[in-house]
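Participant: Sequence first, predicted model second:
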Amino acid sequence: MGFTGGCYCGAVRYEAGGDALFKGQCHCRECQYISGGGPNFLMGLPEADFSYTQGEHKGFTRSDLESPVTRDFCPDCGTHLLSRVPGMPGVMFIKVGTLDDPSLFESSQMVIFTVDQQSFHQLPEGVPTFERGPG
């Protein structure tokens, strides 16, 4: 399956091939900052099957954390497009809201970083949850 998407203002576009390695929601505190307070819905995809097709993105990596995530975003409108986690080389996490067709997400297969979950966050029933990450 292939995916296309981009930022809110349309300046940055991407395409990705292949099937999602997993689909989930992340409740970590960093994702709460990025999402405006809720969990972040994401799809893990092979980085080799991903490419930017239009515009220039900007990356951000915190310098005060031991193993910081790198987040790509549009420098014009600020839309958070994807992230890369140091412990998972070769995998990147597309933010579902940036997909041209977000319904391709369908549903979460896992919920991660519930250690940071807020009382107003809703967890899907029957989906594996992890205090941090799986394994």
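Facilitator: That came in fine, so what should we check first?
Participant: ok now do the residue lying closest to G2 once chain neighbours are set aside, which residues does it touch?
Facilitator: Nearest residue to G2 in three dimensions, chain neighbours excluded: G17, at 5.0 Å (C-beta to C-beta, 6 or more residues apart in numbering). Backbone N, C-alpha and C define where each C-beta goes, glycine included. Listed by C-beta atoms under 8 Å, 6 or more residues apart in numbering, the contact partners of G17 are G2, F3, D49, F50.
Participant: can these go into a markdown table with extra columns for neighbour count, pLDDT and distance to L42?
Facilitator: Shown next, in a markdown table, are these (neighbours: other C-beta atoms under 10 Å; pLDDT from 0 to 100; distance: C-beta to C-beta, whole Å):
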| residue | neighbour count | pLDDT | distance to L42 |
| --- | --- | --- | --- |
| G2 | 10 | 85 | 17 |
| F3 | 23 | 91 | 12 |
| D49 | 14 | 93 | 16 |
| F50 | 17 | 95 | 13 |
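Participant: For Q117, give me phi and psi.
Facilitator: As for Q117, its main-chain torsions (degrees, to the nearest 10) stand at phi -60, psi 140.
Participant: Please determine how far it is located from L65.
Facilitator: 20 Å (C-beta to C-beta, to the nearest Å).
Participant: who has more neighbours, these two?
Facilitator: Comparing Q117 with L65 by other C-beta atoms under 10 Å, the one with more neighbours is Q117, at 18 against 10.
Participant: And the more buried one, how close does it get to V127?
Facilitator: Q117 is 13 Å from V127, by C-beta to C-beta.
Participant: E15 belongs to a helix, doesn't it?
Facilitator: No: secondary structure of E15 (DSSP: H, G, I helix; E, B strand; the rest coil): strand, not part of a helix.
Participant: Look up phi and psi at Y8.
Facilitator: Torsion angles, degrees, to the nearest 10, at Y8: phi -60, psi -40.
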